[in-house]
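> whatever this is, show me its structure:
(one chain, ligands or ions: 1)
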Amino acid sequence: MKNNYKFIRGKYVLPMNGDREFIRDGLVVVENDRICDIGRYDALIDRYRDMDGEWMEYEDGLIMPGLVSNHTHLYQAMMKGIGSDLCLDDWVINVIYPMALAMKKEDFYDIVRFNILEMISTGTTCFADSMYHHHNLDNIDGVAEAVRDMHMRGMIVRAVQSVNFDERIPDACAEREIEITRAESIRCIKQYDHTENGRIRVGLEALSPFDCDERTIRELYGICEEYDVRFQMHVAEAITEQVRIRSSHNMGVIEYLDKLGVVSDRTLLIHNIWVTPSEIQLIARRRANVAHNPVSNMILADGIAPIPEYLANGITVGLGVDGAASNNNQDMFETMKACVLLHRVNRLDASIMKAYDALEMATISSARSIGWEKEIGSLEVGKKADLIVVKTNSCHMGPQLDVVTNLVFSGNGRDVDTVMIDGDIVMKNREFTMFHAEEIVRRGNECALKIAEKADVFNRINNLGKN
Ligand SMILES: [Zn+2]
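Residues are numbered from 1 along each chain as shown. This is a model prediction of the structure:
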């Protein structure tokens with residue numbers, strides 16, 4: 001088969017390759033699905049001038065790796081905006097669970113496409129999901145098929161809640177039979193892991209230490225080792241969790257999980273806010289990874305994760321948007337800025353985190369945190385061609401005295417002009433090239449309204465104030 005070349009020239013190239021390199025007037029050469037050359041335009045042009053291929057020139061564009069959101073719940077686009085002023089318990093019990101339980105495979109498909117459309121349009125080219133509603137066992141197939149059809153790269157994570165810690169949570173939310181958990185986890189891995197030219201990977205998750213019994217946590221981690229896939233858990237998101245584990249096990253939540261043998265370099269600890277200094281040392285020793293979701297943590301008033309301490313201890317920290325229901329968007333640019341601001345004000349120290357640190361967390365570190373750093377997360381020869389072009393000539397992105405700082409502090413997802421995933425252009429000049437955006441948006445909106453009515457959430461919320 002003839003090789004397919006694409007040549008992308010930009011005013012700036014930010015490779016995120018570890019050397020803090022910043023190229024002016026750069027060229028990225030893509031051969032099929034991989035980057036085959038990168039550097040200054042004038043140094044490379046003689047080699048490629050006469051070659052056939054598609055040329056794209058961005059006089060005011062900055063080329064950088066596609067952003068990697070290492071934590072989200074794609075299906076939660078369904079619940080975006082509704083009940084967001086309720087307290088956490090009321091919101092989860094009256095909005096999240098009833099709506100999720102009203103969803104079928106085709107609803108997951110429609111809303112996940114809707115969510116991924118927003119991700120692509122704001123420069124995210126890879127994600128790690130967390131999908132824990134298996135009242136129909138094929139719900140997760142709706143997620144996988146949507147990722148496939150959107151030409152997105154992502155890790156579909158089959159998460160399991162094996163117990164109900166609160167009697168108000170509907171029984172159908174828990175998957176209690178471990179034989180089903182095991183069989184379905186393995187089915188998902190065999191059916192989807194490393195499919196679609198490697199765009200789709202599969203991971204497993206024990207939802208949280210209090211949503212899962214010890215046997216299920218161990219079982220899921222064991223399957224991950226057996227099939228060499230990633231393991232993740234929501235950990236220490238709320239202070240109540242640390243208190244609960246300490247009173248029942250007389251140890252911290254990380255110590256508890258380490259006793260179960262599930263804290264390792266295979267593990268992604270999601271949130272990880274309420275941990276002790278000795279637990280931070282433990283995470284570093286085990287080389288476990290962290291998903292930091294600053295916007296969601298602020299919206300839900302969860303607390304502030306000790307990210308500067310994690311970084312100082314060499315722990316890999318990636319950035320996530322978390323589900324759209326607790327964000328309320330999927331824009332990684334906003335998340336990068338929120339991350340820097342949150343930790344600066346928390347420590348009363350403007351030097352504690354820099355714009356480049358946030359870019360690193362949103363690209364190569366996020367990729368590393370989910371075991372994908374050999375393929376994505378930076379623009380380097382041999383890596384997959386997942387890249388974005390950001391427009392820098394708008395008023396709000398100027399003046400161009402410090403372009404990298406502007407990206408994080410002045411930019412937003414709508415500055416992304418072009419998106420390439422796996423060597424294919426998915427969005428160009430903000431036009432989607434592989435699917436009908438209007439239809440995806442219409443179906444997503446209709447689906448959310450249908451499910452909200454089916455789950456009777458408007459009445460549920462109205463009635464809350466009357467009780
Ligand atoms: Zn989450």
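> can you pull up the most central residue in this protein?
Nearest residue to the geometric centre of the chain (CA atoms, centre = their mean): Ser69, 2.7 Å.
> so what pairs up with that one in the strands?
Judged by DSSP bridges, the bridge partners of Ser69 are Phe127.
> test my guess that it contacts Ser130.
No. Using CB atoms under 8 Å, Ser69 is not in contact with Ser130, being 11.4 Å away. Yep, even glycine has a C-beta here, placed from its N, CA and C like the rest.
> okay but Leu342 is in contact with Pro294, surely?
Yes. Checked against CB under 8 Å, the pair Leu342 and Pro294 is within contact range at 4.9 Å.
> quick one, which of the two is more surrounded?
Per other CB atoms under 10 Å, whichever of Leu342 and Pro294 has more neighbours is Pro294, with 25 against 19.
> pLDDT value on the more buried one, please?
Looking at Pro294, its pLDDT reads 98.
> where in this structure is the helix or strand with the lowest mean pLDDT?
helix 88-91 (a mean of 82; mean pLDDT, DSSP states H and E).
> residues making contact with it?
Gly83, Ser84, Asp166, Arg168, Ala238, Leu300, Leu464 (CB atoms under 8 Å, 6 or more residues apart in numbering).
> out of these, which sit inside helices?
Judged by DSSP state H, the subset of these located in helices is Leu464.
> out of the contacts of helix 88-91, which end up buried?
Gly83, Ala238, Leu300 (16 or more other CB atoms under 10 Å).
> that older thread, for Val290, state which of the contacts of helix 88-91 is nearest.
Ala238 (16.4 Å; CB to CB).
> chain center to stretch 291-308, what's the gap?
Chain-centre distance of stretch 291-308: 14 Å, with CA atoms, centre = their mean, to the nearest Å.
> how long is that stretch end to end?
13 Å (CA to CA, to the nearest Å).
> now the longest strand along the chain: buried residues?
Determined from DSSP state E, the single longest strand within the chain is strand 54-65. For strand 54-65, burial by neighbour count (16+ other CB under 10 Å) applies to Met56, Tyr58, Asp60, Gly61, Leu62, Ile63, Met64, Pro65.
> contacts for stretch 356-368?
14, 16-18, 20, 64-70, 126, 289, 292, 311, 316-320, 332, 335-337, 339-340, 373, 375-378, 404, 407-408.
> repeat that for 7 Å
With CB atoms under 7 Å, 6 or more residues apart in numbering as the contact definition, stretch 356-368 has outside contacts at 16, 20, 65, 67-70, 316-319, 332, 336, 339-340, 373, 376-378, 404, 407-408.
> report the buried members of these.
16, 65, 67-70, 316-319, 332, 336, 339-340, 373, 376-378, 404, 407-408.
> now do the helices in the stretch 1-150 of the chain.
Using DSSP state H, counting those that start in this stretch, the helices found in the stretch 1-150 of the chain span residues 41-48, 88-91, 97-101, 105-121, 139-149.
> no, scratch that, I was asking about the stretch 151-300 of the chain
178-192, 214-227, 239-249, 253-259, 277-286, 294-299.
> rank the ones you listed by pLDDT, which is bottom?
helix 239-249 (a mean of 88).
> chain center to that one, what's the gap?
That offset, for helix 239-249, works out to 27 Å (CA atoms, centre = their mean).
> tabulate the CA atom coordinates of it in PDB.
C-alpha atoms of helix 239-249 as PDB (Å, rounded to 0.1, in the frame of the first residue of the first chain):
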ATOM      1  CA  ILE A 239     -12.800  13.500  53.500                       C
ATOM      2  CA  THR A 240     -15.500  11.100  54.700                       C
ATOM      3  CA  GLU A 241     -13.800   8.300  52.900                       C
ATOM      4  CA  GLN A 242     -10.500   8.700  54.700                       C
ATOM      5  CA  VAL A 243     -12.500   8.900  58.000                       C
ATOM      6  CA  ARG A 244     -14.600   5.800  57.100                       C
ATOM      7  CA  ILE A 245     -11.600   3.600  56.100                       C
ATOM      8  CA  ARG A 246      -9.600   4.700  59.200                       C
ATOM      9  CA  SER A 247     -12.400   3.800  61.500                       C
ATOM     10  CA  SER A 248     -13.000   0.400  59.900                       C
ATOM     11  CA  HIS A 249      -9.500  -0.600  59.100                       C
END
